[in-house]
Each structure stands twice: as C-alpha cells, then as structure tokens.
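K.L.:
Dropping the sequence and predicted coords here.
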Protein chains: 2
Amino acid sequence: MDTSIKKKRVRGRLSREMIEDAAFEVIEKEGLAGFSMRKLAAALGCEAMSIYHHFPSVAHLHEALVDRLIGALEMPDAGLPWRQRMRIAIEDFRRIGRDHPAYATFFVTYRMNSPICLAWLNGILSLFRDGGFDTELSARLFRAVGYYLMGAVLDENAGYAKGPSAVNTVSDEQLARDFPNVMAAGRFFGTAEFDKTFELGLDMLLDEMERLRDGADAGQLSGKA
Amino acid sequence: MDTSIKKKRVRGRLSREMIEDAAFEVIEKEGLAGFSMRKLAAALGCEAMSIYHHFPSVAHLHEALVDRLIGALEMPDAGLPWRQRMRIAIEDFRRIGRDHPAYATFFVTYRMNSPICLAWLNGILSLFRDGGFDTELSARLFRAVGYYLMGAVLDENAGYAKGPSAVNTVSDEQLARDFPNVMAAGRFFGTAEFDKTFELGLDMLLDEMERLRDGADAGQLSGKA
DNA sequence: AAAATGAACCTTACAGTGTAAGTTGTCAAG
DNA sequence: CTTGACAACTTACACTGTAAGGTTCATTTT
C-alpha cells in the first residue's frame, strides 16, 4: 500500500485562461526553447496530459497565446491625426515584444490566420486606407512597415544586444583590432538605444508615406536603382 | 554470431563540408523543425554520433552553416554609386533567404558573433560610413535598414504567403464577409508580389537616407510625433 | 439516497530528440 | 607485425509531444 502523502488535489481547477497565464510565465522564465508541456504542468500543479483536455495540442495552445496578445490590441482613436494613429498602432504591437521578450521570436514568426488575428489585420489595413492609399499601396505599405516592425521586435528581443549565441566568441581585444566599425557601433546597439533607433527608422517610413500621399511620387522613388 | 549482411562502410569519408552540404539539403527537404542529427546522419549514410566527431554539437553545426552563407557574401564594388552599393549588399543578403527558405527563420534569428559574421558586419558598417554618416547615424541606420531586411526575409520565407499555420482556419467566404480589407489586400501578399513590395520599402529607406545625408534633417524627421 | 453519467484528470507507453560514454574498425608509422 | 591514433559505431540517458486507456469526482436523474 502506498503510504506516501499525496497532495490533495482539487479537481476542476484548470481552465484555458489559467493555462495560458502559466504558459506565458513558463516561457518567460525558461525561455521559448525551454518550454514544454511537462514544465507547464508542473507550474500548474497538474500532470502534462491534463492540459490536453483544454488544448488538443501545443500548437493549439500557442495559437491561443498569440490570439490573447493580438486580441488585446485595439485600434487607435480615429479622431487623432493619421500619423499619430499609425504610430500608436505600431508601438502597441512593439510593446507586445517588450512585455513578452522570450515569446517574441515565436510571435513574430507566427502566421496569423486565426479570426482574431485577421480582425486585427483588417483594422490595420483600414488604417492604411485612411491614410489615403488605394488597395494596392495600402497592402504594400502595410507589408513594408510590417517588415520593419517585425525585424525590430525580433532584434530587440533576441538580437545582438542579448549577448552572444555563437560558439566561437570573440574577445574585446580582437573586436577592437579586427572589427573597429562593429566596436564603435556597438555603443548604439544596446538596449538603452532601442527606442531612439526605432524612432529614427519609423519616422523615415512615416515621412516617406506622407510624401507618397501628398503626391510626391514624381520624386526619387521612381528614380534609378 | 551476426550473419546479417552489413552495408560495407568506408570509413574516414565524412568531412565538415560534406556534413554542411547535407545539412542544407535535409533542412530544405524536411523543414527546419524536421531537421535532426539522426536524419542528417541517414542522409549521409552514417550514424548520428559520427557527426559529433566533426561538430561538437548541433549549435556548432548551425553556426558553421550561418558562417558559410555569410562568408560567401562579398562587399559590392566600391567604385559604384553609394545607393547602388547599398542596394546590392541588401539584395545579396535577401537572396540567402531565397536560396534557403526553410533555413531563413533560423538564419534571421541568429545572433551573429562569429568572426566571419563580424567581418561581414564590419564591412556593412563601412558601407554606411561611406554614405557620409557619422558613427552614431551609421549604427542606427544599419539597424533600421536591418530591421526592414530581417522582417522581409522572414515574411517572404515563413510568413502569410506560405499558407495557414493556424489551427482555426477561416473559409474564403468568411474572409470576404468579415475581413474585406484582408481579402482585397491578399492579392498583393503573394509570392509573385514580393519583389515589388520589397523594392517599394527599400526605396523609401534609401530615399530617406539620401535626404538625411544631404542635410535635410531640418525637415519632418524632427517634427511632431 | 442511489445510481448513472460524463467531464476532468492521471498513468502508462511510444517514438522521437540531443548527446555523454564506451567500443570497435581501419589505416599509417615505426 | 605491432602500435597508436583517429574515425565511426553502439549503447544509454534524460528529455520531448502525445496516443490510449484508466480513475476520480461533481452533477444530474431516478
């Protein structure tokens, strides 16, 4: 007979929301690669298979996490100036990465096909349309700005500033000797510089979009390569 | 005694280069997630552990793969106009994603600290300096342009156009009814539109950089948010 | 109150992963 | 022919997601 003390287990405790909350915690604590159903279960005080009652697979769970993050976003006030609306929407997305750094790499790579994500996407496309662009230019500008945003989120959370991942590390002396430009630039690659750098690129894109809208398309854009 | 026929095995066959070649093949065939040391070994006709004689870990192997791709890049001819040099360097990087679509997500996420990658990075930073920017602006513009490039490579190889990854798929009817902007924009999200969209965003950034260099910094860049 | 139902959870098991440790096969130098 | 070194293999371990089936318990029905 088993005389070991068994933690009294209150059934019916688990819920999708609880599991999602715990998942975010485990991911941020253990890293995205360190996340597993068993660790998640441990954090919840249950067995791994119990989670499958609420989510049929890890893929379903991950989709729910993305949906939660995207679903929490709301479109900027339509009464604000366009440039400001665009800026707010972009910063909102960027903030997700800031709040969930370990999850960012997954998040950015994720293909958003769920209804919740499509609804957000639809709203963002509306925002581009409100800028005065036709369907084609709205679509292309959305993607171009999205590229910038995705790359930024990725780098800010998993990039150069997060320390070496390479196996062959390079000493500071070698860096200074062989790669002086990297050495000099490194000062502006740190976390403290993220905002300023991001703003610079974002303003460049916003400026160009306003220029495009104001009919400056006879300018360099169609110029030589 | 074992009388089973054993494939005669020629020892001493393996080399780092062979393993890297096979790794690229396996990754593109099986996908990045489907890659494993055992599958790589099978492709090579050897056992998984034999690979460890040439690469101490998968991380080392991955680093070698990234090094090979980056190491193959060369800086654009310094005699060309600056804008064209920049464009070539950017397109060279982008082509890596095109040639190794399945590897792109890893590639873009990878933190480049190896000597080979640092050398490339150092050269690119030189290119920005050649554009007439000081250390700080070179560093920030490199990052901003890099964000755009990273995001593009990511999306072009693992993004929306590559089909649904979501578990809750949405029917075409629902898409047309509930997300008309997505439906309309979808036409410009396909693979065939990648080049044109990428060029649009790239030209926007190049235009802004030339404007910055030509001392137009009294313009909107420092304007209201 | 007793029985039945079904959701919620657990146990076990399997095929897969990276890789540490130890063993065998092969070839070249002495 | 022996020895040594190295390349490749074998085995084993701790981990992963999850399929299959068993157990427990709250609720509902009789």
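P.N.:
Great, that's in hand. Please read these numbers as outputs of a predicted model, since none were measured by experiment. Numbers count the residues shown, from 1 in each chain, chains lettered A, B, ... in the order given.
K.L.:
Render the CA-only coordinates of the longest helix along chain A in CSV, please.
P.N.:
Ranked by number of residues, the top helix in chain A under DSSP state H is helix A:135-158. Below are the C-alpha coordinates for helix A:135-158, written out as CSV (Å, rounded to 0.1, in the frame of the first residue of the first chain):
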residue,chain,number,x,y,z
THR,A,135,-5.8,49.0,-52.0
GLU,A,136,-2.5,48.1,-53.6
LEU,A,137,-0.4,50.8,-51.9
SER,A,138,-2.1,50.1,-48.6
ALA,A,139,-1.2,46.4,-48.9
ARG,A,140,2.4,47.1,-49.9
LEU,A,141,3.0,49.8,-47.3
PHE,A,142,1.4,47.6,-44.7
ARG,A,143,3.9,44.8,-45.5
ALA,A,144,6.9,47.2,-45.8
VAL,A,145,6.1,48.8,-42.5
GLY,A,146,5.4,45.4,-41.1
TYR,A,147,8.8,44.1,-42.2
TYR,A,148,10.4,46.9,-40.3
LEU,A,149,8.3,46.3,-37.2
MET,A,150,8.9,42.5,-37.2
GLY,A,151,12.6,42.9,-37.6
ALA,A,152,12.7,45.4,-34.8
VAL,A,153,10.8,43.3,-32.4
LEU,A,154,13.0,40.4,-33.3
ASP,A,155,16.2,42.2,-32.8
GLU,A,156,15.1,44.0,-29.7
ASN,A,157,14.2,40.7,-28.0
ALA,A,158,16.5,38.1,-29.5
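K.L.:
Now do that helix against helix B:135-158, angle only.
P.N.:
110 degrees (axes from the mean of the first three to the mean of the last three CA atoms, to 10 degrees).
K.L.:
ok, and for helix A:135-158, which residues are buried?
P.N.:
Across helix A:135-158, burial judged by 16 or more other CB atoms under 10 Å in any protein chain shown covers A:137-158. (Glycine included, C-beta is placed from N, CA and C.)
K.L.:
Okay, helices next: where are they in chain A?
P.N.:
A:16-30, A:37-44, A:48-51, A:58-71, A:82-99, A:101-109, A:115-130, A:135-158, A:172-178, A:180-186, A:194-213.
K.L.:
could those go into CSV alongside distance to DNA strand C?
P.N.:
Formatted as CSV, the helices of chain A follow (distance: least, CB to the nearest atom of the strand, whole Å):
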stretch, distance to DNA strand C
helix A:16-30, 9
helix A:37-44, 7
helix A:48-51, 3
helix A:58-71, 13
helix A:82-99, 27
helix A:101-109, 18
helix A:115-130, 22
helix A:135-158, 19
helix A:172-178, 26
helix A:180-186, 28
helix A:194-213, 31
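K.L.:
among these, which is the most enclosed?
P.N.:
Ranked by mean neighbour count, the helices of chain A are led by helix A:135-158 with a mean of 23 (mean count of other CB atoms under 10 Å in any protein chain shown).
K.L.:
tell me how far it is from the chain's mean position?
P.N.:
11 Å (CA atoms, centre = their mean, to the nearest Å).
K.L.:
Any part of that helix near chain B?
P.N.:
Yes - applying CB under 8 Å from any CB of the partner chain, one finds helix A:135-158 touching chain B at A:135-136, A:138-152, A:154-155, A:158.
K.L.:
Where does the prediction get shaky in chain A?
P.N.:
A:1-12, A:163-166, A:216-225 (pLDDT under 70).
K.L.:
care to break it down by domain?
P.N.:
A:16-56, A:67-159+A:169-212 (automatic domain parsing).
K.L.:
now the end-to-end length of stretch A:30-43.
P.N.:
11 Å (CA to CA, to the nearest Å).
K.L.:
Could you confirm whether that stretch reaches DNA strand D?
P.N.:
Yes - judged by CB under 7 Å from any atom of the strand, stretch A:30-43 comes into contact with DNA strand D at A:35-39.
K.L.:
do that stretch and chain B meet at all?
P.N.:
No - contact of stretch A:30-43 with chain B (CB under 8 Å from any CB) is absent, the minimum separation being 10.3 Å.
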